[in-house]
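Asks: sequence plus the predicted model coming up.
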Amino acid sequence: LRLELHERITKFVAENLGLSKDVVEEIVRACLDVDRLHRIERVKHHEVPKELLLNYAVKARKRYMKGDLRAAARLCGELLHYIQDSLIPAPRGRRGKALHISIESRSVKYDPESIPREMLKPVRGLRGIKAILRVLRPLRDPRLVVERATLYSYAIAAAVFDSIEAPPEVDACASLAREYLSSAWRREVAVSMLLLSVLQTIFFARSMLLKPLILLCIAMLIGFAVFVLARLSIAMYARKCDTFVKNFSGSRFLVLTYMLINLLLYFVVGLKIVAILAPIAISLTILLRVPGARMIEENRWWYRYECRAPPHLCAY
Ligand SMILES: [Zn+2]
């Protein structure tokens, strides 16, 4: 897009989010700097890989969470530039170039200010940003380009500068998961089964004393298992809700990995492995059934959690 349009859209969006004057200026400056400072890369702006865009959003949010408003504003401004550029066809080939220039020059006459304010809607968390990246594609109608560039920019900037405390519908998922785990002995079973599997593996290692290579592998497996167990225990018995969320999120994947590594052991040990696999499977089953887990996993460090919202509000 033309610089002046980038400027109008980004300024309009940042002001409507109610950000302070300094932050608005920084976002706009960063957005324009992309074209001003790296003119050589210009062609690529229209085809930035989506993973890279997601990465920008993640980095911007992390800076914001740390209180570094300036860096967050810069990263967000650059991200908005790429989002806006992704909406018009890339200037590739002679026909592509002509189309690009035509849409670029016709889009300048549309003003983001004319978009009704009630169409500006925020998205939340990583999930919301991913939803926008999924529908992001070049358009041929210049009016639509300006409208979408504005709406997407607003939604994404709103997610980056969203409140640090988890909103009720997300915080509620942490409450839900936590209450589920702390009832019916679920967390005790999940942790003790994992502990049992570690003890079994240690016991098993003793019979491998004469095979140093296998013994070394098993020792490494035990090290990994102890790490997984420690993380799970911290999650389950943490007093702070946020500690629960941060440690619980990765632990399901870790337990699954632990189980798969154990499955590989089958080729060494044979059927005896069932003794070790069974308790891990029980632990994993409990963890996989935790309601609301996907929501907190996706937004684990997007917010800070308090577990204050009642579980029924969880929109997972
Ligand atoms: Zn550009």
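Replies: Received it, and whenever you're ready, just let me know what you need. Numbering: from 1, shown residues only.
Asks: now the helices for the stretch 51-200 of the chain?
Replies: Per DSSP state H, counting those that start in this stretch, the stretch 51-200 of the chain carries helices over the ranges 69-85, 93-107, 125-135, 142-160, 168-182, 186-206.
Asks: I'd like to know which elements the following helix or strand past the last one is packed against.
Replies: I take that to be helix 186-206. Later in the chain than helix 186-206, the nearest helix or strand by DSSP states H and E is helix 212-237. Applying 3 or more C-beta pairs under 8 Å, 6 or more residues apart in numbering; DSSP states H and E, one finds that helix 212-237 contacts helix 186-206, helix 241-269. Any C-beta I mention is one placed from the backbone N, CA and C, and that applies to glycine too.
Asks: what about the first one, average pLDDT?
Replies: It stands for helix 186-206. Helix 186-206 carries an average pLDDT of 93.
Asks: that one: which residues count as buried?
Replies: By neighbour count on 16 or more other C-beta atoms under 10 Å, the buried set for helix 186-206 is 186-187, 189-191, 193-198, 200-201, 204-205.
Asks: could I get the helices and strands packed on helix 212-237 as TSV with distance to the ion?
Replies: Below are these laid out as TSV (distance: least, C-beta to the ion, whole Å):
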stretch	distance to the ion
helix 186-206	50
helix 241-269	35
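Asks: the worst-scoring helix or strand of the chain on mean pLDDT vs helix 142-160, what angle?
Replies: Counting by mean pLDDT, DSSP states H and E, the chain has its least confident helix or strand at helix 93-107, which shows a mean of 87. For helix 93-107 against helix 142-160, the angle by axes from the mean of the first three to the mean of the last three C-alpha atoms, to 10 degrees is 80 degrees.
Asks: leaving aside the residues adjacent along the chain, what's closest to residue 215?
Replies: residue 208 (4.8 Å; C-beta to C-beta, 6 or more residues apart in numbering).
Asks: ramachandran angles for the one you found?
Replies: Residue 208 adopts backbone torsions of phi -110, psi 20, taken as degrees, to the nearest 10.
Asks: hmm, back to that, among the helices and strands packed on helix 212-237, which is nearest residue 93?
Replies: helix 241-269 (43.1 Å; C-beta to C-beta).
Asks: nearest residue to the closest residue to the ion within the chain other than its sequence neighbours?
Replies: Across the chain, the shortest distance to the ion (C-beta to the ion) belongs to residue 45, at 3.6 Å. What sits nearest to residue 45 in space, not counting adjacent residues and going by C-beta to C-beta, 6+ apart, is residue 85, at 4.1 Å.
Asks: neighbours around residue 282, how many?
Replies: For residue 282, the neighbour count with other C-beta atoms under 10 Å is 17.
Asks: and the next helix or strand past the strand or helix carrying it?
Replies: Assignment of secondary structure by DSSP H and E places residue 282 within helix 274-288. Moving toward the C-terminus from helix 274-288, the next helix or strand (DSSP H and E) is helix 293-298.
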